[in-house]
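Undergrad: the following comprises the amino acid sequence and a computationally predicted model.
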Amino acid sequence: MNEHDVRRMAFAMPLTSPAFPPGPYRFINREYLIISYRTDPFLLRQVLPAPLQFVEPIVKFEFINMPDTTGFGSYCESGQVIPVSLNGVVGSYAHSMYLHNHPPIAGGRELWGFPKKWGSPELRVQKDTLVGTLNYGDIRIATGTMGFKHILMDGEAVKESLGTPCFLLKIIPHVDGTARICELVQYRLDDITVKGAWSGPGSLELHQHALAPVAQLPVLEVLSAVHILADLTLPLGTVAYDYLG
């Protein structure tokens, strides 16, 4: 293998057997439980990287089943998303993500900068209740519940909300431990088909953990709970702000 071969093949690590295939990535029957809640604005400012700004101290806690995903297979994911703006562009910032499948962890971190760590989320229906849980190791750190399919939502409005810009803080260190890449990445889901969307009564409970600090943004008031089933595509992103530039 010569230098040209290395450059031609270089996409992800390991060189001869990358942990994930090239994108874009198509998700079929992606199922969301999203619980929006009000949190402490002072604490929110401590974790939101400038120049991103929030208008209201709101966090969305998400539990997402992804049973059919290009290159990634089947897995569940959970974490926190913060509604934000950047230079007048309204979108959301992914603050934390936990899942139990290596390819989307590696691909998400290396390509876009998704803040993914290993965890054990689950989303399931228990009789009349949609239940999302998240464990870190064998410790429960989040439990979300929602009444199952109580109120039908407008599919077009949900599609529009899923298609808003999303921001990520991508950090890749140099070999000496300093930041070689430190940038805000922007992407937008596309080719979205909403198969169903519902709202209903919801609850969210977060627990303290030293290495999975979801309770760092405490629940002061639950604002809404929604359940969405959709097909969509995750494209590659663009650099929205370079901290080192």
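TA: Good, I have the coordinates.
Undergrad: how about the helices in this structure?
TA: Remark: helices assigned in the chain by DSSP state H are 3-9, 41-47, 102-107, 155-162.
Undergrad: can you redo those as a markdown table with distance to Val55 and mean pLDDT?
TA: Heads up, the C-betas are built off the backbone N, CA and C, glycines and all. A markdown table is the format used below for the helices of the chain (distance: least, Cβ to Cβ, whole Å; pLDDT from 0 to 100):
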| stretch | distance to Val55 | mean pLDDT |
| --- | --- | --- |
| helix 3-9 | 45 | 94 |
| helix 41-47 | 10 | 98 |
| helix 102-107 | 30 | 97 |
| helix 155-162 | 16 | 97 |
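Undergrad: wait, Ile28 touches Asp231, no?
TA: Yes. Between Ile28 and Asp231 there is a contact at 5.2 Å, judged by Cβ atoms under 8 Å.
Undergrad: so what does the worst-scoring helix or strand of the chain on mean pLDDT touch, helix or strand wise?
TA: Least confident element among the helices and strands of the chain, by mean pLDDT, DSSP states H and E: helix 3-9 (a mean of 94). On a contact count with 3 or more Cβ pairs under 8 Å, 6 or more residues apart in numbering; DSSP states H and E, helix 3-9 meets no helix or strand.
Undergrad: so what's the gap between it and the chain middle?
TA: Helix 3-9 sits 33 Å away from the centroid of its parent chain (Cα atoms, centre = their mean, to the nearest Å).
Undergrad: list of residues touching it?
TA: Helix 3-9 has contacts (Cβ atoms under 8 Å, 6 or more residues apart in numbering) with Met1, Leu15, Thr16.
Undergrad: export it as PDB, just CAs?
TA: The C-alpha coordinates for helix 3-9 follow below in PDB (Å, rounded to 0.1, in the frame of the first residue of the first chain):
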ATOM      1  CA  GLU A   3       0.800   6.900   0.000                       C
ATOM      2  CA  HIS A   4      -1.800   7.300  -2.800                       C
ATOM      3  CA  ASP A   5      -3.600   4.200  -1.600                       C
ATOM      4  CA  VAL A   6      -3.700   5.500   1.900                       C
ATOM      5  CA  ARG A   7      -5.200   8.900   0.800                       C
ATOM      6  CA  ARG A   8      -7.700   7.100  -1.500                       C
ATOM      7  CA  MET A   9      -8.900   4.700   1.200                       C
END
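Undergrad: counting neighbours, what do you get for Thr178?
TA: 9 (other Cβ atoms under 10 Å).
Undergrad: ok, it to Val55 distance?
TA: 34 Å (Cβ to Cβ, to the nearest Å).
Undergrad: pLDDT score for Gly23?
TA: Predicted confidence (pLDDT) for Gly23: 89.
Undergrad: before we move on, what about Gly245?
TA: At Gly245, the model reports a pLDDT of 88.
Undergrad: so what's the residue count around it?
TA: Neighbour count of Gly245, defined by other Cβ under 10 Å: 7.
Undergrad: residues contacting the residue nearest to it when sequence neighbours are not counted?
TA: Nearest non-adjacent residue to Gly245, counting by Cβ to Cβ, 6 or more residues apart in numbering: Glu183, 7.9 Å away. Under the criterion of Cβ under 8 Å, 6+ apart, the neighbours of Glu183 are Gly113, Leu169, Lys170, Val239, Ala240, Tyr241, Asp242, Tyr243, Leu244, Gly245.
Undergrad: do Ser17 as well
TA: Counted by Cβ under 8 Å, 6+ apart, Ser17 has zero contacts.
Undergrad: check Asn135 too.
TA: By Cβ under 8 Å, 6+ apart, the neighbours of Asn135 are Gly119, Ser120, Pro121, Ile141.
Undergrad: the last one contacts Leu206, correct?
TA: Yes. Ile141 is in contact with Leu206 according to Cβ under 8 Å; the separation is 6.8 Å.
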